[in-house]
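Novice: Okay, structure incoming, though there's no sequence with it:
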């Protein structure tokens, strides 16, 4: 135990020594200035003007198409919307002409659509019948359960109160027993022996 | 030079769509950016790439520039970050910096220049051993010669933090020089400092 504490203290001291050592050993500004003098004499000459401007020009060229003025953007938006409306009108009018003119293809499509609708309606009716039958079987059971619950509610409430009272009594009894046991329990020292 | 446009004027013009005016800014600051990148430990053959990258980043985020600070402060910040990023991604740990003839200023002897080159190479190696967040304030303060408040702005740190990082960075450098590069220690200065 003592050895562990001693080791910890030693370790802390060692860590503190490591951490504080460089800050303590600051040689000062004059020393640094003198030592770093050769690096201060270093100069670099380079000409990156053309390189940078070429890169910027390339980027601007790439973005040139994307960088539209707000007016041009508004114009593009409005024209595309108008085009969409015109396309829709053309499609609707074409369909109307086809339906009105009694076209063979349109008649077949309408017939197919009606058949699909009949099939869908048939299956829908089947599903609704099935649901109604299930509900008709389950609803009386649910109603009976509800009635039983209504009848048994006072009984359940009483049982709940009794259970809660039992719990409180149990806690009180445990506390009483524990207090008595503490009074008579043998004392234990830190080395694990009994006093 | 009354006709010389200011940085802020040029930036406004560029933002207004006269992109060709950015050329003047690049011309004005390319030396500062390249030298800062070099001093931050970027190998000389990559200095041009880093500088180009810095100016491109500046152009892309020109709208975020705040005129209350000097453009050079902003450029330093982007350069420091770019140099550190480049360092992290390429890991030029063992790369030795070869200094160009521009180092020679004509007034010093050939022997002095050669000695300076060797010292600079070793110093770059020593600086490589210092973690980036300590190296940046050290380079900006003692090589670029910037004041503390500007370094704080460049690194986006409180002045106190910059000061403490400088202390630690100097101490680290001293320790590294003492252990690995004793020839770099200034005559008598190391002994007196320790």
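Specialist: Arrived safely. The structure displayed is predicted, hence computed values, not measured ones. Residues are numbered from 1 along each chain as shown, chains lettered A, B, ... in the order given.
Novice: how is chain B carved up into domains?
Specialist: B:1-95, B:97-187 (automatic domain parsing).
Novice: closest one to residue A:183 among those domains?
Specialist: domain B:97-187 (59.5 Å; C-beta to C-beta). C-beta: built from backbone N, CA, C; applies to glycine.
Novice: Show me what the strand or helix carrying residue A:110 is packed against.
Specialist: Secondary structure assignment for residue A:110, by DSSP states H and E: helix A:104-184. Applying 3 or more C-beta pairs under 8 Å, 6 or more residues apart in numbering or on different chains; DSSP states H and E, we find helix A:104-184 packed against helix A:70-100.
Novice: and the angle from the helix it packs on to helix A:104-184?
Specialist: Here the directions of helix A:70-100 and helix A:104-184 differ by 120 degrees (axes from the mean of the first three to the mean of the last three C-alpha atoms, to 10 degrees).
Novice: so where's chain B shaky on pLDDT?
Specialist: B:1-2, B:90-113, B:187-194 (pLDDT under 70).
Novice: In a markdown table, list the domains of chain B along with distance to chain A and mean neighbour count.
Specialist: Output for the domains of chain B, formatted as a markdown table (distance: least, C-beta to the nearest C-beta, whole Å; neighbours: other C-beta atoms under 10 Å in any protein chain shown):
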| stretch | distance to chain A | mean neighbour count |
| --- | --- | --- |
| domain B:1-95 | 4 | 17 |
| domain B:97-187 | 4 | 17 |
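Novice: can those go into JSON lines with extra columns for distance to residue A:140?
Specialist: Output for the domains of chain B, formatted as JSON lines (distance: least, C-beta to C-beta, whole Å):
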{"stretch": "domain B:1-95", "distance to residue A:140": "74"}
{"stretch": "domain B:97-187", "distance to residue A:140": "76"}
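Novice: Which one of those lies nearest to residue A:31?
Specialist: domain B:97-187 (6.8 Å).
Novice: Just give me how far that closest one sits from the chain centre.
Specialist: 10 Å (C-alpha atoms, centre = their mean, to the nearest Å).
Novice: Which of the residues in stretch A:91-104 are classified as buried?
Specialist: For stretch A:91-104, burial by neighbour count (16 or more other C-beta atoms under 10 Å in any protein chain shown) applies to no residue.
Novice: what do you get for stretch A:159-171?
Specialist: Buried residues in stretch A:159-171 (16+ other C-beta under 10 Å): none.
Novice: what pLDDT, on average, does that stretch get?
Specialist: When pLDDT is averaged along stretch A:159-171, the result is 96.
Novice: in which helix or strand would I find residue B:11?
Specialist: Short version, using DSSP H and E: residue B:11 is in helix B:7-15.
Novice: List of residues touching that helix?
Specialist: B:5, B:21-22, B:24-25, B:28, B:59, B:62-63, B:65, B:67, B:70-71 (C-beta atoms under 8 Å, 6 or more residues apart in numbering or on different chains).
Novice: What helices and strands are in contact with the helix or strand following it?
Specialist: As assigned by DSSP H and E, the chain's next helix or strand after helix B:7-15 is helix B:22-39. If contacts are counted by 3+ C-beta pairs under 8 Å, 6+ apart, helix B:22-39 sits against helix A:49-63, helix B:7-15, helix B:44-60, helix B:71-90.
Novice: now the ones you listed as a markdown table including distance to residue B:142?
Specialist: Putting the helices and strands packed on helix B:22-39 into a markdown table (distance: least, C-beta to C-beta, whole Å) gives the following:
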| stretch | distance to residue B:142 |
| --- | --- |
| helix A:49-63 | 30 |
| helix B:7-15 | 26 |
| helix B:44-60 | 20 |
| helix B:71-90 | 14 |
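Novice: Would you mind telling me which of those helices is nearest residue B:121?
Specialist: helix B:44-60 (11.3 Å).
Novice: Between helix A:49-63 and that closest one, find me the angle.
Specialist: Going by the same axes, to 10 degrees, helix B:44-60 makes 40 degrees with helix A:49-63.
Novice: helices or strands next to helix B:44-60 in the packing?
Specialist: helix A:49-63, helix B:22-39, helix B:71-90.
Novice: Residue A:38 contacts residue B:114, correct?
Specialist: No. Counting by C-beta atoms under 8 Å, residue A:38 stays clear of residue B:114, with 11.2 Å between them.
Novice: Mind checking what helix or strand follows the worst-scoring helix or strand of chain A on mean pLDDT in sequence?
Specialist: Here the helix or strand of chain A ranked lowest by mean pLDDT, DSSP states H and E is helix A:2-24, holding a mean of 51. Per DSSP H and E, the first helix or strand lying C-terminal to helix A:2-24 is helix A:29-35.
Novice: Establish whether whichever helix or strand comes after that next one and chain B are in contact.
Specialist: Counting by DSSP H and E, the next helix or strand C-terminal to helix A:29-35 is helix A:37-40. Yes. Contact between helix A:37-40 and chain B, assessed by C-beta under 8 Å from any C-beta of the partner chain, occurs at A:38-40.
Novice: Point out the other helices and strands that helix A:37-40 packs with.
Specialist: Short answer (3+ C-beta pairs under 8 Å, 6+ apart): helix A:37-40 packs on helix B:110-128.
Novice: Mind giving me the packing neighbours of the helix it packs on?
Specialist: Using 3+ C-beta pairs under 8 Å, 6+ apart, helix B:110-128 sits against helix A:37-40, helix B:159-180.
Novice: any idea of the mean pLDDT in the shortest one?
Specialist: This points to helix A:37-40. Here the average pLDDT along helix A:37-40 is 84.
Novice: tell me the SS of residue B:66?
Specialist: Assigned state for residue B:66: coil (three-state reduction, DSSP: H, G, I helix; E, B strand; the rest coil).
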